[in-house]
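Q: Any chance you can model this:
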Amino acid sequence: MYDIGIDVGGTGITAGLVDDQCRILARKSMDTDRGMTAVALAETLLSLSRELIAANGVTSAAIRSIGIGVPGTANRETGRLEYANNLPNCRGNLRQLLQDRTPKKIFLENDANAAAWGEYLYLDRKPDSFVMVTLGTGVGGGIIQEGKILQGVNYAAGELGHMTIRYNGIPCSCGRRGCLEAYASAEALTARARKKMGKEKKSLLWELCGESPEKLNGRIIFDAYRRADRTAVKTVKKYAEYLSEGLANIINILQPQVLCIGGGISRSGDILIPLLQELVKDRIYSRDSARNTVLTAAKLDNDAGIIGAAKLGLCDVPQVLYAVK
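A: Model prediction:
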């Protein structure tokens, strides 16, 4: 049997065919239309699923469920997408809209929760407390406590990107100012780098993006950092400072055994994680404790959201927990 996992992001949607060993056997992707309605999103997700099935010679009968990770508050009880600042027209009962169009079991979850669940399932030794922060178009978060996704009273727990790290700071798409997302998303990183490029015309970033700042992305910035470009180094270090403030807050509040950094930027974990470890250790209240949170990069890259969404049916299955040394 197979499950389909769909990761709905602010810029792209990817569906994956996932087997019982949590392996992605095939995938289909498309750009996200941020103006689409809930009905249009439901029809798009099912169309993408059908294309995935047809392209890989799998019968519909072999599909057990379809799980969707969405960028917003997904009420698991009612099936409603209650709030999604990056998909403002999609509020509605997305699960019911999907269920009306397919007999397959439908699961709906916040996209960062789904990614955290995917990373958590990947671990051989599962900690009893696990937090994942995803760095992409926005900053998402997922909290796993004793083998279950922390939902909160209204299924909106884990919005770690919307803690304020700077009072009255940069406006955020959620309506507040100074949110971690406004300073530590991938978009925030590239926006800061573009601003610095405008003042530093000799930066290697100009060459690496083909003299077109609009083509700049996190990969290019970290490549320039590895080549000791002054602009890239300053940009990444400032970015790490902002991000470390948010991570220190998370550790001080939750003290998880593992804090995992995911999203596209985690591919540069060889640079980012050591920077964050050094910054965070001096910011946490428990700095003198014999045991502290393990800060690490995600292992599944962009596959985490697909696998986690596909395996949302396991959320109610007890997981075997181990202490993380």
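Q: how near is the residue nearest to Gly305 when sequence neighbours are not counted to Tyr242?
A: Using Cβ to Cβ, 6 or more residues apart in numbering and skipping residues adjacent in sequence, the residue nearest Gly305 is Asp7, 3.5 Å away. Backbone N, C-alpha and C define where each C-beta goes, glycine included. Spatial separation of Asp7 from Tyr242 under the definition Cβ to Cβ, to the nearest Å is 25 Å.
Q: Which one of those two is surrounded by more residues?
A: More neighbours surround Asp7 than the other of Asp7 and Tyr242, with 29 against 20 (other Cβ atoms under 10 Å).
Q: so Asn168 sits in a strand?
A: No: residue state for Asn168 (DSSP: H, G, I helix; E, B strand; the rest coil) corresponds to coil; a strand is not indicated.
Q: Okay, the residue lying closest to it once chain neighbours are set aside and Ala112: tell me how far apart.
A: Nearest residue to Asn168, sequence neighbours excluded (Cβ to Cβ, 6+ apart): Arg177, at 5.4 Å. With distances defined as Cβ to Cβ, the gap from Arg177 to Ala112 amounts to 21 Å.
Q: Comparing those two, which shows the higher neighbour count?
A: Counted by other Cβ under 10 Å, Arg177 and Ala112 do not tie: Ala112 has more neighbours, with 29 against 14.
Q: Okay, and that one sits in which element?
A: Element membership for Ala112, per DSSP states H and E: helix 111-122.
Q: Give me the mean pLDDT for that helix.
A: Averaged across helix 111-122, the pLDDT comes to 94.
Q: where exactly do the helices run in the stretch 151-300 of the chain?
A: Under the criterion DSSP state H, counting those that start in this stretch, helices of the stretch 151-300 of the chain are mapped to 180-184, 186-199, 204-208, 218-226, 230-254, 269-281.
Q: So which helix or strand of the chain has the lowest pLDDT on average?
A: Counting by mean pLDDT, DSSP states H and E, the weakest-scoring helix or strand in the chain turns out to be strand 81-83, with a mean of 86.
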